[in-house]
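1. Pasting the sequence and the predicted model now:
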Amino acid sequence: MDEGNVLAGGVDKLYEIQEALLELAGYRENYAKLEADEENNSKIIKSLEKEAADEVASTVRKRRNEIESTYDKQLDKIKSDIKKIRSKRDKRKHKKVSERMDAETFALREENHRLKLETKAMAKQNHVPFYCNTKLYYALYYPGFFSDIVIIFFALLITLLIIPCGIYFYALPEEKIPYLVILYIATVLIFGGLYLLIWNRTKEKHGGTLKEIRKLRHEIAGNNKKIKSIKKGIKKDKDESVYGLEDFDDDIKRLDNEAAEIIRRKTEALLTFDNTTAQILTSEIRKKYDEKIAALEAENKEIAAKSEQTDKMVKALTLKIAGEYEPFIGKDLMTPDKIESLINIIKAGNASNISEAIQFFRQNMM
């Protein structure tokens, strides 16, 4: 029998081919399993790396926040104390400023009190009607200040606009222009007549007294202006040494220094944490994962070596089968089951060699 002619072989040759195919299938299955194991390990490694990174980030962030919170609570307490002291200081200053205003305006206020009593006494002695010694009367009959002009404006607004228009739009059963004209004429006559009547009764009888009272009222207004100026000057005065606020200022300065020291220590603590403590925490957390990851990486290294060796065997067997058997038998018959069929054909006596078995197979079993 020709050793190079596979087709001339019999059952033994077919068993050899079948064994080669089964061995190749085994190597391929093993290679696929090794590839799957390596991929699964890589996924586990990636998951562990992420878990480790997340735990590191979470722990470092939590510990850093705890440090900040500890110092911030102390700062908040100091800020609260400063706020309370400032409030007490402001109250003390307000009280002292008020006392200073009262002291520096005392003479003018007493002068005004005396002038007011004098105007009342003068009006009473000369039997001047009570309404003559009022702001409204002097604004309407003896205007001398800007506030008097404002009062006159509003008086005219009320008498010439609000009253007639109010009656015209809300009191009359119907709106007609003649009614409005009549209302304006009536308003002018009534209030104008009342104005002239009061003027004539008071000026002719008490003109001299009213002028004296006006003079006194102008003195009072002048004193009020001085009082206002003094108070304004006191409020603008930046010198607080006269108010006895040194104790408050010392306490505020002390607390400000404490706050600055806490901020400095907080900065140092956070810097130490970022540069040292965080690395220690990271190292300790990583230890829990590094052993598992190292074991998986070592296992993957072994798998890679086995995969490489298995791949070489797959390639070698594939080339052997492709070179020695497929050209004679055909690629479509190169499966363990079909080779088994060829073996059975020869054993059954339907063929004496592989060539005849193939012919019988293709004629009867395909």
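-> Everything's here; your move.
2. Secondary structure element holding the residue nearest to I67 when sequence neighbours are not counted?
-> In this structure, I67 finds its nearest non-sequential neighbour in A269, 5.5 Å apart by Cβ to Cβ, 6 or more residues apart in numbering. The way it works is simple: take the backbone N, C-alpha and C, and place the C-beta from them, glycine included. Using DSSP states H and E, A269 sits in helix 246-272.
3. Tell me the first helix or strand C-terminal of that helix.
-> Beyond helix 246-272 on the C-terminal side, the first helix or strand identified by DSSP H and E is helix 278-324.
4. That following helix to helix 246-272, inter-axis angle?
-> Angle between the axes of helix 278-324 and helix 246-272 is 20 degrees (criterion: axes from the mean of the first three to the mean of the last three Cα atoms, to 10 degrees).
5. which strands and helices sit next to helix 278-324?
-> helix 11-104 (3 or more Cβ pairs under 8 Å, 6 or more residues apart in numbering; DSSP states H and E).
6. which element follows the helix it packs on toward the C-terminus?
-> Later in the chain than helix 11-104, the nearest helix or strand by DSSP H and E is helix 106-125.
7. my guess is L342 meets I354, correct?
-> Yes. Assessed by Cβ atoms under 8 Å, L342 is found in contact with I354 at 6.6 Å.
8. Who has more neighbours out of the two?
-> Between L342 and I354, counted using other Cβ atoms under 10 Å, I354 has the larger neighbour count: 27 against 24.
9. What's the per-residue pLDDT of the more buried one here?
-> Reading off the per-residue confidence, I354 sits at a pLDDT of 89.
10. which residues does it contact?
-> The contact partners of I354, by Cβ atoms under 8 Å, 6 or more residues apart in numbering, come to 6-10, 13-14, 328-329, 342, 346.
11. Filter the residues you listed down to just the ones in helices.
-> When DSSP state H defines the helices, the subset of the contacts of I354 inside them is 13-14, 328-329, 342, 346.
12. okay if I get the residues you listed as a markdown table plus pLDDT and distance to E99?
-> Supplementary listing: the ones in helices among the contacts of I354 in a markdown table, determined by pLDDT from 0 to 100; distance: Cβ to Cβ, whole Å:
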| residue | pLDDT | distance to E99 |
| --- | --- | --- |
| K13 | 90 | 127 |
| L14 | 91 | 125 |
| F328 | 89 | 125 |
| I329 | 88 | 122 |
| L342 | 90 | 125 |
| I346 | 91 | 131 |
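13. Can you add distance to A294 and give the residues you listed back as TSV?
-> Conversion of the ones in helices among the contacts of I354 to TSV gives the following (distance: Cβ to Cβ, whole Å):
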residue	distance to A294
K13	50
L14	49
F328	51
I329	49
L342	52
I346	56
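14. which pair in those residues spans the largest distance?
-> F328 and I346 (15.2 Å; Cβ to Cβ).
15. tell me the angle of the helix holding A269 relative to helix 11-104?
-> Here the directions of helix 246-272 and helix 11-104 differ by 170 degrees (the same axes, to 10 degrees).
16. just checking, what packs against helix 246-272?
-> Counting contacts by 3+ Cβ pairs under 8 Å, 6+ apart, helix 246-272 is packed against helix 11-104.
17. Show the secondary-structure elements that the helix it packs on is packed against.
-> Using 3+ Cβ pairs under 8 Å, 6+ apart as the contact definition, the elements that helix 11-104 packs against are helix 177-236, helix 246-272, helix 278-324, helix 336-347, helix 354-364.
18. What residues of the last one count as buried?
-> Translated: helix 354-364. Neighbour-count burial for helix 354-364, with 16 or more other Cβ atoms under 10 Å as criterion, is recorded at 354-358, 360-361.
19. and the residues you listed as TSV, adding distance to R28?
-> Formatted as TSV, the buried residues of helix 354-364 follow (distance: Cβ to Cβ, whole Å):
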residue	distance to R28
I354	24
S355	29
E356	31
A357	26
I358	25
F360	30
F361	25
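20. in stretch 173-193, what counts as buried?
-> Buried positions in stretch 173-193, judged by neighbour count with 16+ other Cβ under 10 Å: 180, 183-184, 187, 191.
21. Give me the below-cutoff pLDDT ranges for the stretch 251-366 of the chain.
-> Within the stretch 251-366 of the chain, the set of residues satisfying pLDDT under 70 comprises 366.
22. returning to what we had before: looking at the buried residues of helix 354-364, spot the one nearest R100.
-> Nearest to R100 among the buried residues of helix 354-364 is F361, at 125.6 Å by Cβ to Cβ.
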